[in-house]
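>>> Sharing a sequence plus its predicted fold:
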Protein chains: 2
Amino acid sequence: MQKILLNGTWTESTNTAGSFHAFNPSNKEELTERAFPTSDWQELEALVDAGHAAAEGLADIPAATVADFLETYAAKIEASTDKLAEIANLETGLPLTPRLAGVEIPRTVNQIRQAAAAARAGDWARPTIDTATNIRSMHGALGGPVIVFGPNNFPFAYNGIAGGDFASAIAAGNPVIAKAHPAHPYTTQLLAELAQAAAEEHQLPAGTVQLFYNTPPELGLNLVAHPKVAAIAFTGSRPGGLALKAAADKAGKPIYLEMSSVNPVFIMPGALQERGADIATELHGSCTLGAGQFCTKPGLVVVQKSPQSDELLASLTQNFASSPAGILLTAGGVEAVSKSVTQLAAAGAQILAGGNIADTPHYGYQPTLLSVSGDAFLAKPDKLQSEAFGAVCLVVVANDFEQALAIASLLEGNLTGSIYSDTAGSDDANYPTLAKQLRVKVGRLLNDKVPTGVAVCPAMNHGGPYPSTGHPGFTAVGFPASVVRFSALHSYDNVRHDRLPITLQDKNPTGKLLRLVDNNYTTADAQT
Amino acid sequence: MQKILLNGTWTESTNTAGSFHAFNPSNKEELTERAFPTSDWQELEALVDAGHAAAEGLADIPAATVADFLETYAAKIEASTDKLAEIANLETGLPLTPRLAGVEIPRTVNQIRQAAAAARAGDWARPTIDTATNIRSMHGALGGPVIVFGPNNFPFAYNGIAGGDFASAIAAGNPVIAKAHPAHPYTTQLLAELAQAAAEEHQLPAGTVQLFYNTPPELGLNLVAHPKVAAIAFTGSRPGGLALKAAADKAGKPIYLEMSSVNPVFIMPGALQERGADIATELHGSCTLGAGQFCTKPGLVVVQKSPQSDELLASLTQNFASSPAGILLTAGGVEAVSKSVTQLAAAGAQILAGGNIADTPHYGYQPTLLSVSGDAFLAKPDKLQSEAFGAVCLVVVANDFEQALAIASLLEGNLTGSIYSDTAGSDDANYPTLAKQLRVKVGRLLNDKVPTGVAVCPAMNHGGPYPSTGHPGFTAVGFPASVVRFSALHSYDNVRHDRLPITLQDKNPTGKLLRLVDNNYTTADAQT
């Protein structure tokens, strides 16, 4: 049995709740070499206690040391790329190259380095000084561990012990208790080994990074409500996310969720006429990338009926029908996609391509294209905008612009929304109306572009209105914004100068830190 | 029957849910001259529909116009100070001067002007531009109305139609549906008349500011969950706040709550020895200010047993016993304080002064001092840290520093926490340990100062960990930080330049707006 990482030590699990093996989705075989424990409540409490003690310890550690830790960890991941990619490929079926070794691991390393830079610079904390009242404020650590639930589809970039939530929570000065996704436990263990080694090099408190692999759902709900837990991050399915959200909300815990999104794409008539074939190719590529297992996969396309929309459907149908079924991550994923397609069809969507579980050695579902009329969509808007986590896309053929707009107005919150318009200007009159409607439904509004591909840059918003996430004001990707999620606003009123955090003392700690001093942004020292 | 403000028009209420009168707490007489409607569901839905339409209209209004509206409104309040203060005095019993006319109305006017400045400057929105990827982001309006529930204790500064939540929500570009507090409905109506007049002057959409007075609790819960409602702000009691929070959370709505706080004050032994008498005077003044009806009233004092702590208790006892009972806002408030004191006593606290409903023409409860040992507190920490919303204070006498620290570790989240220490340095060794413990329990940490008095400045945090509020990262007071609560993060990916909000176009819209451009804070134009 593999060990959990508890309070700085790889520890034999008490393991009364069971154990599991991962599967190789490329051949559906159980990976019996390593069994992973399912943690019981006693174990979760031990993790929380250690995490809480680590939070107290971290309060005395300079942000620069936390940044050093993150950089060391990033370097270790980079140096272990081959091994990590090999194991992740075995556990997820995602291509070794370019996906894992060439794209996802470098992105992960880059994210952790950006988090380190944010921690070192300190501007994420929004330091503010009012000299007249001697009130000063900044965002600071939460005083307890952050639980990070990683998803199945990114074994590195969203991993509970290495992804954006992990890096953000650590950069804010919090310990992390990561829950591995059971689809890739060994990958996660290897990452945790590197994280722990880096933490030891920089003498961080023992429980700063901890790892468990699995726990029964009811214990997960208890865990997020634990009095000593400070906050939670979750990336995964809507039912799982909503259950955790309810438990965290009731206990008054901040929880950041990324749950589901159909990422609507509106193709305006001019764009369809101008470059329908190119758009079809682009859409198909975006839908089938990674077997459609992206949070930002475009799952809903809205066009207005015309000869060009018929051509688009014909072209997409051909593309989807001729695409091989990619590797899905789990057997459960195949079932979930199958169920979603069945539900879309039951709600009136017509299957134009695919529609069946793939007859392949690997877990797979045929790339599937569906279509439905705008009238039918408006009759069942809820059922026809449910996410299918695979290479599945529903094209809604609206009667006219007004109907497309009505569809936009009935969308739930999504991570992204795209509008394609022509370059000659024939779509320009209607663009503002549609964009205004879509703007408040999505976190990221795109022009002439598919939403897959999430750049890790300060202006990225990988977030959106409920139910795509739990709060429309936060992003899970991009620094420094993602860090502030895992912080509390700390005001200091009349606190003696030598007792203030260095960030809030009169002297600018780095000479470069931007602070709001007496309502002016400045890098100068405060004059008192 | 008074009219509600619906969609820009003072409208006769459909009023099937009843009506009410306010009371004059100074003589307990019903103010029968004006009856106010209790709104039914049909009326609430009409408000929400109008608010939602106003949100669409506001999306096309420049921030400068919103700022102009706020400034006009502030000027109108200022010009109506005498009338407003007179009515508020009648409805709340709060002193005409200095409190209402000299302090609270000027503060309210000042807050609205600060909100206007924030809206005009635009830095609250954290504009961010990445030229390499052409991804840009800023915080923007939510796309629906914000419901603001104002409290009883500040007829102006926290009023649903004039206070900080109102000003913040408007500054972010949202319409507001205000619920008056039934303790001061006519004051609120007068404010809403000024707000509506200002909105008309600047030709804001019809439902930008709306007002209703009351609704049955179950309809309030339905209201916050309404699909067209964007967010909610609430200031009031914990039971009311938690009920609204549960309803909003379930519906996935952001809700900002300020619920309750005992605002612990730790007096270290050196401080007690050095200036115990001064501290006793200061504490008593803070506890009895406004009859103790402040969210930041110090309700829990922790000292270590010593001859000086005995003296402090004796001094406080004398002060409390000799203070007249101030005017409480409502008959319900008297009952609530009475119940709270009874519960504290039942949990083992000894009543040293007061402890009874006041025999006065006005609503009142005797200023009440209680004490309890540290051992007793640790046995029932939950019951002994419940808020009594009046001039009630519980002094916990700990055996030693370790016990005081243990008490700090068991505190719930609070708005504020104070530490008094001596100036000679004898408390310095223990200060960091206590401060670290208290830091993560409170929004504002004070040294040598009582927490009443909330300066409206950028570094203020009028917020704190649950259950003092619903999220530790936000403040209800202070600009620009309070504005961002009522916004969504809006990212624009590859959006054509002329379609971008002016804030995110290459040219800096004011030449003074600070933007994060290619990871550097600058007021320069973006170079693309």
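Everything's here; your move.
>>> who touches the closest residue to chain B within the stretch 251-400 of chain A in this structure?
As assessed by C-beta to the nearest C-beta, chain B sits closest to residue A:252 within the stretch 251-400 of chain A, at 3.2 Å. Every residue, glycine included, has its C-beta placed from N, CA and C. For residue A:252, the contact set (C-beta atoms under 8 Å, 6 or more residues apart in numbering or on different chains) comprises B:413, B:466-467, B:470.
>>> In TSV: those, plus pLDDT, neighbour count and distance to residue B:111.
Shown next, in TSV, are the contacts of residue A:252 (pLDDT from 0 to 100; neighbours: other C-beta atoms under 10 Å in any protein chain shown; distance: C-beta to C-beta, whole Å):
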residue	pLDDT	neighbour count	distance to residue B:111
B:413	98	21	24
B:466	98	17	25
B:467	98	18	25
B:470	98	26	21
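>>> Take those and write them to a markdown table, including distance to residue A:275 and secondary structure.
Listed next are those as a markdown table, based on distance: C-beta to C-beta, whole Å; DSSP: H, G, I helix; E, B strand; the rest coil:
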| residue | distance to residue A:275 | secondary structure |
| --- | --- | --- |
| B:413 | 55 | coil |
| B:466 | 52 | coil |
| B:467 | 55 | coil |
| B:470 | 47 | coil |
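>>> Now narrow the residues you listed to whatever sits close to chain A.
B:413, B:466-467, B:470 (C-beta under 8 Å from any C-beta of the partner chain).
>>> between those residues, which is closest to residue B:138?
residue B:470 (24.5 Å; C-beta to C-beta).
>>> Which secondary structure state does the closest residue to that closest one other than its chain neighbours sit in?
Excluding its sequence neighbours, the residue lying closest to residue B:470 (C-beta to C-beta, 6 or more residues apart in numbering or on different chains) is residue B:257, at 4.3 Å. At residue B:257 the chain is in strand, as set by DSSP: H, G, I helix; E, B strand; the rest coil.
>>> and residue B:257, what does it touch?
B:233-235, B:241, B:244-245, B:469-470.
>>> do the same with residue A:509
A:122, A:502-503.
>>> and if we set it to 10 Å?
A:62-64, A:122, A:127, A:501-503, A:515, A:525 (C-beta atoms under 10 Å, 6 or more residues apart in numbering or on different chains).
>>> Next: residue A:145.
Residue A:145 neighbours (C-beta under 10 Å, 6+ apart): A:47-55, A:58, A:169, A:174-177, A:207-210, A:226, A:228-232.
>>> Of the contacts of residue A:509, select the buried ones using a PyMOL command.
A single PyMOL command selects the buried members of the contacts of residue A:509 (16 or more other C-beta atoms under 10 Å in any protein chain shown):
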select buried, chain A and resi 63+122+127+501+503+515
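>>> check the contacts of residue A:509 against chain B, which are close?
A:127, A:501 (C-beta under 10 Å from any C-beta of the partner chain).
>>> Would you mind giving the contacts of residue A:509 as TSV with pLDDT and secondary structure added?
Output for the contacts of residue A:509, formatted as TSV (pLDDT from 0 to 100; DSSP: H, G, I helix; E, B strand; the rest coil):
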residue	pLDDT	secondary structure
A:62	97	coil
A:63	97	helix
A:64	97	helix
A:122	97	coil
A:127	98	coil
A:501	98	coil
A:502	97	helix
A:503	98	helix
A:515	98	strand
A:525	98	coil
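>>> so where do the strands sit in the stretch 251-400 of chain A?
A:255-258, A:265-267, A:300-304, A:350-353, A:368-373, A:392-398 (DSSP state E, counting those that start in this stretch).
>>> Output those in a markdown table, with mean pLDDT appended to each entry.
Below are these laid out as a markdown table (pLDDT from 0 to 100):
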| stretch | mean pLDDT |
| --- | --- |
| strand A:255-258 | 98 |
| strand A:265-267 | 98 |
| strand A:300-304 | 98 |
| strand A:350-353 | 98 |
| strand A:368-373 | 98 |
| strand A:392-398 | 98 |
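>>> want to throw those strands into CSV with distance to residue A:156?
Shown next, in CSV, are these (distance: least, C-beta to C-beta, whole Å):
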stretch, distance to residue A:156
strand A:255-258, 16
strand A:265-267, 27
strand A:300-304, 28
strand A:350-353, 32
strand A:368-373, 28
strand A:392-398, 25
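>>> Closest to chain A out of the contacts of residue A:252?
Nearest to chain A among the contacts of residue A:252, counting by C-beta to the nearest C-beta, is residue B:466 at 3.2 Å.
>>> Relative to residue B:101, how far out is the residue lying closest to that closest one once chain neighbours are set aside?
Distance criterion C-beta to C-beta, 6+ apart; nearest residue to residue B:466, sequence neighbours excluded, is residue A:252 at 3.2 Å. For residue A:252, the distance to residue B:101 equals 38 Å [C-beta to C-beta, to the nearest Å].
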